[in-house]
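Engineer: please work out how this folds:
(one chain, ligands or ions: 1)
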Amino acid sequence: SGSGLPLMVQRTLAKQVTLMDCVGKGRYGEVWRGSWYADSVAVKIFFSRDEASWRRETEIYSTVLLRHENILAYVGSDCTSRGSCTQLWLITHFHPLGSLYEHLNRSTLTRHQMMALCLSAANGLLHLHTEIHGTQGKPGIAHRDIKTKNILVKVNGECCIADLGLAVTRAHLLQAPVDPRQGTKRYMSPEALDQSMNAACFETFLRCDIYAFALVLWEVCRRVRPAREYRVPYYELAPADPSFDDMRKIVCVDAARPALTNDTQPTMAGMENLMRECWHQNSSVRLPALRIKKTLLKIAANDNS
Ligand code: ADE
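Structural biologist: Numbers count the residues shown, from 1 in each chain. Model prediction:
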């Protein structure tokens, strides 16, 4: 491989993992629960046509020390041949509650549980976005596919951010142009949909993550008791599997956003103000991740429940 990945040392990993049951299937491939010695692990098996995502995710995890309680912990990658077929595996910690999307479909939340989910997810996003200098440093990373299906729920009630298959650093943008219209269309920012964004500028991609994160906040807040039924963002405006043009009409032309309740309860009112600031049409006034975290901490500190 030309990417310098330490594949040689990883060849044995797949042999040590026993696949137990399939916990997810999608356009990307499959996720299995596996066992690795005494540990449960998650094994994401990529379709070989999606080798680029496996390579990028492996590269991001292994070139950067991405150890953070709110980012899915990496165990290793493996590339094995089964007969004529190449299998691409990404092995991470396993979280039995599954994705935030599944969790919200299953459960309603107290305000306290909502705050723990939102704060921890914001903390994970902040760590990704932040460039850290020094020997234990990391570049800033834009995720580019933030959505409730790509965030996992840990048994302690906190989230961790997963799926780095589209993630980019400033260095990636210098190496080759990056197509801004890649992630999930439903979560795509107005500037990505109308192709008005400067795709050579790294900060532009961070702002797209913030827009998508605001939609995640909206999905979580709907499930606070007295909860409404789980809905995807733009459920009342966009069809299932919307096209670029469907989403461009809704998000750019009509400038629609998910409906807010104008709740007078201070915590929920604070959350709705935060969503407005983060899904703003003008990307340059959206809050950076650090400001989101500080705002959430302030909202949580004032909650009397
Ligand atoms: N679904 C996708 N990734 C997962 C993981 N790491 N643990 C549990 N469920 C998952």
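Engineer: near the ligand, which residues of the chain are found?
Structural biologist: Val23, Gly24, Val31, Ala42, Leu72, Thr92, Phe94, His95, Gly98, Ser99, Leu152, Ala162 (C-beta under 6 Å from any ligand atom). Heads up, the C-betas are built off the backbone N, CA and C, glycines and all.
Engineer: burial check on the residue of the stretch 51-200 of the chain found nearest the ligand, number of neighbours?
Structural biologist: Proximity of the stretch 51-200 of the chain to the ligand (C-beta to the nearest ligand atom) peaks at His95, 4.0 Å away. Using other C-beta atoms under 10 Å, His95 is surrounded by 21 other residues.
Engineer: isn't it up against Leu152?
Structural biologist: Yes: if you go by C-beta atoms under 8 Å, His95 and Leu152 touch, sitting 4.5 Å apart.
Engineer: which element is the closest residue to the ligand within the chain on?
Structural biologist: Scanning the chain for proximity to the ligand using C-beta to the nearest ligand atom identifies Ala42 as nearest, at 3.2 Å. Using DSSP states H and E, the element containing Ala42 is strand 39-46.
Engineer: may I see the buried residues of the helix or strand immediately after that strand in the chain?
Structural biologist: Following strand 39-46 in sequence order, the next helix or strand is helix 51-63 (DSSP H and E). By 16 or more other C-beta atoms under 10 Å, the buried positions in helix 51-63 come out as Ser53, Trp54, Arg55, Arg56, Glu57, Thr58, Glu59, Ile60, Tyr61, Ser62, Thr63.
Engineer: what angle sits between helix 51-63 and strand 39-46?
Structural biologist: Relative orientation of helix 51-63 and strand 39-46, computed by axes from the mean of the first three to the mean of the last three C-alpha atoms, to 10 degrees: 140 degrees.
Engineer: distance from helix 51-63 to the middle of the chain?
Structural biologist: Centroid separation for helix 51-63 versus its chain: 15 Å, with C-alpha atoms, centre = their mean, to the nearest Å.
Engineer: and it, average pLDDT?
Structural biologist: For helix 51-63, mean pLDDT rounds to 91.
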